[in-house]
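Trainee: 3D, please:
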Amino acid sequence: MPQKILVIDNEKSTVDQVSQLLHGRGFEVFRASCAQGGLREAYSNQPDLVLLDVVLPDRDGWEICRQLREMSDMPIIFLSARKEKRDIIKGLDLGADDYVTKPFDDDELVARINARLRRSPRTTVNEELVFNHGDFRMNLMNREVWISKSLKHLTPKEFDLLAVLVKNAGRVVKRTELVTEAWGDEYSDAIDSLKLYIHYLRQKIEVNPQQPEYILTSRGVGYRFVKR
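Mentor: Predicted coordinates for the structure are as follows:
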């Protein structure tokens with residue numbers, strides 16, 4: 001079976017060039033020109049590797065990288081015209097496996113793709129994270145949280161906080177780590193707001209917010225999502 005590559009880039013010329021190149025090297029290629037379309041393709045086709053641009057029309061590549069990392073350990077390579085050192089460092093810090101700048105050499109790009117694929121076993125995108133508590137369900141692709149059969153309406157920041165806790169279920173996540181993983185380094189000084197957001201989350205997902213079953217506090221350290 002040919003390995004599958006997802007190209008997320010809003011420049012049609014780049015997508016056409018990369019698609020033709022990879023088809024010629026025996027890969028199966030899926031294409032998306034926006035963030036939401038890219039997430040949908042990742043969810044549906046479970047690619048072996050993603051080539052991701054930073055600049056997208058609906059959301060930036062930084063956020064998509066974070067969301068893809070929540071869904072899967074598939075290799076992610078940024079393919080971008082942004083060449084500054086801080087952009088490259090940011091992409092790698094967010095969990096990307098490599099960063100290639102445009103314009104790129106065809107043979108070098110294919111070599112980098114093959115190198116990442118050799119180091120990574122085939123992975124699958126989790127359709128949803130289901131916990132054995134019996135009634136908690138979180139769908140990262142659709143950004144939905146269900147308690148029993150009730151859909152809970154979370155704000156984007158609430159959802160991102162909960163996603164980090166769920167991804168680390170059973171482990172205490174330190175407050176600084178929770179804020180930066182969920183919202184980015186630019187929110188590292190927003191720890192004072194964290195307690196309020198946890199309060200909001202508990203109001204929405206706990207049967208009794210005063211005696212939480214899902215999100216527990218580790219005093220002086222952080223928070224833990226209970227995995228049963």
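
Trainee: pLDDT score for the residue nearest in space to the middle of the chain?
Mentor: For the chain, residue 67 is the residue whose C-alpha lies nearest the centre (CA atoms, centre = their mean; 1.8 Å). pLDDT recorded at residue 67 is 84.

Trainee: where in the chain is pLDDT low?
Mentor: Residues of the chain that meet the criterion pLDDT under 70 lie in 120-134, 228.

Trainee: and it, what are its domains?
Mentor: The chain breaks down into these domains under automatic domain parsing: 4-119, 129-225.

Trainee: show me where the protein has its helices.
Mentor: Here the chain has its helices, by DSSP state H, at 12-24, 35-45, 61-71, 85-93, 106-119, 156-167, 175-183, 191-205.

Trainee: contacts for the second one?
Mentor: Yep, that's helix 35-45 we're talking about. For helix 35-45, the external contacting residues (CB atoms under 8 Å, 6 or more residues apart in numbering) are 4, 6, 8, 30-32, 47, 50, 52, 56-61, 63-64, 67-68, 71-72, 74, 125, 127, 141. Yep, even glycine has a C-beta here, placed from its N, CA and C like the rest.

Trainee: so for it, what gets flagged as buried?
Mentor: 35, 37, 38, 39, 41, 42, 43 (16 or more other CB atoms under 10 Å).

Trainee: just give me the closest of those to residue 109.
Mentor: Using CB to CB, residue 38 comes nearest to residue 109 of those, at 18.2 Å.

Trainee: most tightly surrounded among the domains of the chain?
Mentor: Mean neighbours per residue, mean count of other CB atoms under 10 Å, is largest over the domains of the chain for domain 4-119, with a mean of 18.

Trainee: how long is it from one end to the other?
Mentor: Start and end residues of domain 4-119 are separated by 15 Å (CA to CA, to the nearest Å).

Trainee: test my guess that residue 88 contacts residue 99.
Mentor: Yes - contact criterion CB atoms under 8 Å: residue 88 and residue 99 qualify, at 4.6 Å.

Trainee: common neighbours of these two, please.
Mentor: In contact with both residue 88 and residue 99: residue 78, using CB under 8 Å, 6+ apart.

Trainee: give the contact list for residue 58.
Mentor: 34, 35, 36.

Trainee: now swap in residue 225 and tell me
Mentor: 162, 165, 166, 168, 169, 170, 214, 215, 216.

Trainee: need those in a markdown table (columns: distance to residue 110).
Mentor: Shown next, in a markdown table, are these (distance: CB to CB, whole Å):
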| residue | distance to residue 110 |
| --- | --- |
| 162 | 39 |
| 165 | 39 |
| 166 | 36 |
| 168 | 35 |
| 169 | 38 |
| 170 | 40 |
| 214 | 45 |
| 215 | 45 |
| 216 | 47 |
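
Trainee: relative to residue 20, which of these is nearest.
Mentor: Closest to residue 20, out of all of the contacts of residue 225 and judged by CB to CB, is residue 166, at 39.5 Å.

Trainee: my guess is the closest one contacts residue 145. True?
Mentor: No - here residue 166 lies out of contact with residue 145, judged by CB under 8 Å, at a distance of 9.1 Å.

Trainee: what is in contact with these two at once?
Mentor: residue 138.

Trainee: sorry, back to before: out of the contacts of residue 58, which is nearest to residue 206?
Mentor: Once CB to CB is applied, the member of the contacts of residue 58 that ends up nearest residue 206 is residue 36, at 30.2 Å.

Trainee: ok, for residue 206, nearest residue in space, not its chain neighbours?
Mentor: Excluding the flanking residues, the one nearest residue 206 by CB to CB, 6 or more residues apart in numbering is residue 212, at 4.8 Å.

Trainee: alright, calling it a day.
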